[in-house]
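Q: give me coordinates for this.
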Amino acid sequence: MSKVQIDGEHLTLAQLYAVVFDSAEVELAPVAREKMNASRAVIERLVESGAAVYGVNTGFGKMASVRISRDQIRQVQINLVRSHACGVGAPLTEHETRAMLVLRANAIAKGLSGVRPIVAETLCAMLNHGIHPEIPSQGSVGASGDLAPLAHLAQVAIGEGEAIFHGRRVPGEHALREAKIAPLALEAKEGLALLNGTQGMLALLALGLRDADNAVDTADVATALSLDALRGSPAPFDERIAHARPYPGHIATARNLERLTRGSEIRESHRAPEKDPRVQDPYSLRCAPQVHGAVRDALTQIRGTVNIELNSATDNPLVFAGDSSKQGEVVSGGNFHGQPLAMAADQLAVALATLAGISERRTEQLTNPQGSQLPAFLVREAGVNSGFMILQVAAAALVSETKALATPHSVDSIPTSANQEDYVSMGMAAARRIQPMIANLYNILAIELLAACQGLDLLAPLRTGPEAQKAQALVRSVSKQVDSDRSLAPDIEAVAGRIAVGDFSNLLTSGMSIGDSE
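A: Residues are numbered from 1 along each chain as shown. Below you'll find the predicted structure:
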């Protein structure tokens, strides 16, 4: 991808992912420079006038009533960065840090923060040279934005703090010097503009959304294999059923499942009622379009929230330059509050727990001989061999843990800053637990894929449909059929790895998937 130009108005998720995962270069768009200069001129006029402006010549939070003298304006911005850089816990990953950098640069490029273009340009230069601030993941309540995480980011921009550069942890000053980037000398409001925003929780949510898209497509693939291994019916995926209750996600999953099961010899072998007296399949098979579809529709809503936030100004106060005939205005508000993102992260957590729960139920159906019509625990000579018994137990353990992680965060609040900031979002905590949930879900889906492929192998010489065979071949490329007991931990890890890089979800790109129905 060519350079990504940021202007605070047009950043897309595809561009964000290109910067984060493919190291696409970033630059400030000329139009953004013009807007930033206009809002900066407003701040400089106010500094000269001596009028009290929050965050420019006043203290912060509860100390907003304290006036700052003109000769202390620069120092108070540096002090703000230093005092707020008090995060704790494991550092964010390189991908998460890159996302924060480009998102913060884009937010101030919108031209409503009252800062000079050099502030955004410095963040872009750090991205382009691979300077990744070491940012502790804990310490943000999600309002006034992600103060502590962004302070650690800002520390490196001013030549302090710690950064990962060329694979080594080094002082921020050293990283900037090696990359020939001048440390920022903060002017009025610029420290506050770097700290006051939602880009920590937004970064984690945007990356989690990408993984969730991958997971729901993979879940469709796993369901198709499980359906055939359990000799289930594709009738519930009839498009007439979907259009009778036309949720877009339902329609998309039903199309995926119909296509993946098309041409199955297994299905044809038991289509006649005298061969299979069952009337209906369990909900985990029959209602997969409704359940997976609800997840898809939730992801669409979350994507809408993320797309708005990508190009929003989320610091305070905001600077409205107006036209050339006006002096401009600085207005205090609360765009830093993370409630929209916290609620979206909670919604994503529920969606992930939903996919995890229904996948484990299909694994249970596959391993339970009472309903599967397959050998107990998917292995011949059961008793001598335990087969897939403990894989289902592992899936159950992961599901239970995942459900606990889905507990809402956005309904919680602890007042901060001497009760000035008396209702906060907890959005960063809501977003932080997404990746552990994704890791659990990938393992749960890997277990289902392994079980389903074992079931299909036990039905040989009958074969599943041509499209589903591609998924079965993917599994078999890293995990051979189980003929007698062996440790399947490496197999789970291998299949989960293929899930993580999108190998199973990519099987849907050659045909109908979620993008085709929206």
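Q: for the protein, which helix is longest?
A: In terms of residue count, the longest helix belonging to the chain (DSSP state H) is helix 199-229.
Q: could you pull up the mean pLDDT of the next helix or strand after that helix?
A: Next in sequence after helix 199-229, counting helices and strands by DSSP states H and E, comes helix 239-244. Averaged over helix 239-244, pLDDT sits at 97.
Q: what's helix 239-244 packed up against?
A: Here helix 239-244 touches helix 248-261, going by 3 or more Cβ pairs under 8 Å, 6 or more residues apart in numbering; DSSP states H and E. C-betas here are computed from N, CA, C, even on glycine.
Q: tell me the secondary structure for the closest residue to Val475 other than its chain neighbours?
A: Nearest non-adjacent residue to Val475, counting by Cβ to Cβ, 6 or more residues apart in numbering: Cys453, 4.5 Å away. Classification of Cys453 by DSSP: H, G, I helix; E, B strand; the rest coil places it in helix.
Q: any idea how far Cys453 lies from Ala120?
A: As judged by Cβ to Cβ, to the nearest Å, Cys453 and Ala120 stand 50 Å apart.
Q: likewise for Gly263?
A: Distance, Gly263 to Ala120, using Cβ to Cβ: 54 Å.
Q: comparing those two, which residue is more hemmed in?
A: Between Gly263 and Ala120, counted using other Cβ atoms under 10 Å, Ala120 has the larger neighbour count: 30 against 15.
Q: contacts only, for that one.
A: With Cβ atoms under 8 Å, 6 or more residues apart in numbering as the criterion, the residues that contact Ala120 are Ile6, Leu28, Ala32, Met36, Ala105, Ile108, Ala109.
Q: among those residues, who's most crowded?
A: Sorting the contacts of Ala120 by how many neighbours each has (other Cβ under 10 Å) puts Ala109 first, at 31 neighbours.
Q: can you give me the helices in the stretch 1-150 of the chain?
A: 13-22, 30-49, 73-84, 94-109, 117-128, 147-157 (DSSP state H, counting those that start in this stretch).
Q: turn these into TSV, including distance to Ile447.
A: Shown next, in TSV, are the helices of the stretch 1-150 of the chain (distance: least, Cβ to Cβ, whole Å):
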stretch	distance to Ile447
helix 13-22	27
helix 30-49	48
helix 73-84	43
helix 94-109	26
helix 117-128	38
helix 147-157	34
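Q: where does pLDDT dip in the stretch 1-150 of the chain?
A: The stretch 1-150 of the chain contains residues with pLDDT under 70 at 1, 61-62, 64.
Q: and the residue nearest to the spatial centre of the chain, what is it in contact with?
A: For the chain, Gly208 is the residue whose C-alpha lies nearest the centre (Cα atoms, centre = their mean; 1.4 Å). Residues in contact with Gly208 (Cβ under 8 Å, 6+ apart) are Ala345, Leu348, Ala431, Ile434, Gln435, Ile438.
Q: which of those residues are buried?
A: By neighbour count, with 16 or more other Cβ atoms under 10 Å, the contacts of Gly208 hold Ala345, Leu348, Ala431, Ile434, Gln435, Ile438 as buried.
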